[in-house]
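Colleague: Just need the structure, nothing else, for what follows:
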Amino acid sequence: MLDDPANSRFSSDYLIPHIDQQYDEMDVDLERLGMQYIEHIAIVNIAANVNDLTYLLADGQALSTMKLPKQIRWKQQGQPDNSYIKSAMVDEVDEVDPTAIGITEWTFQQGSIQVTPSAIPLTAKIYFDAVSTDIYDPAQNVIRGTAHILAYRVAAYVASLNNGMGTLQKKLDAKSARSWTAFCSLVVMNGQSKQRSPRPIHRRTYPYGQPTPLAPNS
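Modeller: This is a model prediction of the structure:
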């Protein structure tokens, strides 16, 4: 959307921070639409003496889509799955003996996952919430995604940082607005199509007991 035919002007290193910023803003917009978090589980091998798992949040890593971590379980590498042990979530990770084995404690502070280091390599199972950026359209049996909306937003923002790049920014802004409006409308229509039970009819109450029945033929 932005680059010259040789794809030489905008590098990934330049674009990634802008993509992250626009994703965070779109994430808030999605939450306002009522998009729910979905739970993911990442299973990763962790080397010995590692006390910081923040590298797993990087683009392309196991936790790159994470919004909030929920739980960490661990086991020694090679052990069966029924060997996982739950790690305790704390406000601040304590110091441990250098020969200690396992992730006894973990914390999530300011976007960083800190764990107690283990003297041996481990396999960790990390449960985390990620915002759902897809909706299912039952009428057309397809998944509607938001990647194109994010792409338009990022491209329009980068164009604005480069003096608007002529008329390109206006075109990108218009496409971004159209795509977002269409997505919002689809979310609303999907919500309206769900079956709802009508509220019960409230019977009238009488403050002084039951009314006097009317006489026949009155």
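
Colleague: Now do the strands in this protein.
Modeller: 37-46, 68-76, 85-86, 88-89, 105-109, 112-115, 122-131, 134-137, 142-145 (DSSP state E).

Colleague: same for the fourth one, what does it pack against?
Modeller: Pointing back at strand 88-89 there. Contacts defined by 3 or more C-beta pairs under 8 Å, 6 or more residues apart in numbering; DSSP states H and E place strand 88-89 against strand 105-109. C-beta coordinates here come from the backbone N, C-alpha and C atoms, glycine included.

Colleague: what's the strand it packs on in contact with?
Modeller: Residues from elsewhere that reach strand 105-109 (C-beta atoms under 8 Å, 6 or more residues apart in numbering): 68-69, 72, 87-94, 113-116.

Colleague: average pLDDT across that strand?
Modeller: Mean pLDDT, computed over strand 105-109, is 91.

Colleague: quick one, that strand and strand 68-76 angle?
Modeller: 150 degrees (axes from the mean of the first three to the mean of the last three C-alpha atoms, to 10 degrees).

Colleague: What pairs with strand 105-109, parallel or antiparallel?
Modeller: strand 88-89 (parallel), strand 112-115 (antiparallel) (DSSP bridges).

Colleague: Report the buried residues of it.
Modeller: Neighbour-count burial for strand 105-109 flags 105-108 (criterion: 16 or more other C-beta atoms under 10 Å).

Colleague: Restricting to C-alpha, output that strand in CSV.
Modeller: Only the C-alpha atoms of strand 105-109 are listed here, as CSV (Å, rounded to 0.1, in the frame of the first residue of the first chain):
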residue,chain,number,x,y,z
GLU,A,105,6.6,-18.4,40.9
TRP,A,106,5.8,-16.0,38.1
THR,A,107,4.6,-12.4,37.7
PHE,A,108,3.4,-10.1,34.9
GLN,A,109,4.4,-6.5,35.4
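
Colleague: so what does whichever helix in the chain runs longest touch, helix or strand wise?
Modeller: In the chain, taking DSSP state H as the definition, the longest helix is helix 168-193. Secondary-structure packing of helix 168-193 (3+ C-beta pairs under 8 Å, 6+ apart): strand 134-137, helix 147-161.

Colleague: okay if I get these as a markdown table plus mean neighbour count and distance to S176?
Modeller: Formatted as a markdown table, those follow (neighbours: other C-beta atoms under 10 Å; distance: least, C-beta to C-beta, whole Å):
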| stretch | mean neighbour count | distance to S176 |
| --- | --- | --- |
| strand 134-137 | 13 | 18 |
| helix 147-161 | 19 | 4 |
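
Colleague: Mind telling me which of those the model trusts least?
Modeller: Of all these, the minimum mean pLDDT falls on strand 134-137 (a mean of 51).

Colleague: neighbours around L53, how many?
Modeller: Look at L53: counted by other C-beta atoms under 10 Å, it has 23 neighbours.

Colleague: Likewise for Y14?
Modeller: Neighbour tally, Y14, other C-beta under 10 Å: 10.

Colleague: Next up, the contacts around S118.
Modeller: S118 makes contact with 46, 48-50, 74, 100-103, according to C-beta under 8 Å, 6+ apart.

Colleague: okay if I get the residues you listed as a markdown table plus neighbour count and distance to L150?
Modeller: As requested, the contacts of S118 are exported to a markdown table (neighbours: other C-beta atoms under 10 Å; distance: C-beta to C-beta, whole Å):
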| residue | neighbour count | distance to L150 |
| --- | --- | --- |
| I46 | 20 | 31 |
| A48 | 11 | 38 |
| N49 | 11 | 37 |
| V50 | 15 | 32 |
| W74 | 23 | 34 |
| A100 | 14 | 42 |
| I101 | 14 | 42 |
| G102 | 19 | 38 |
| I103 | 26 | 33 |
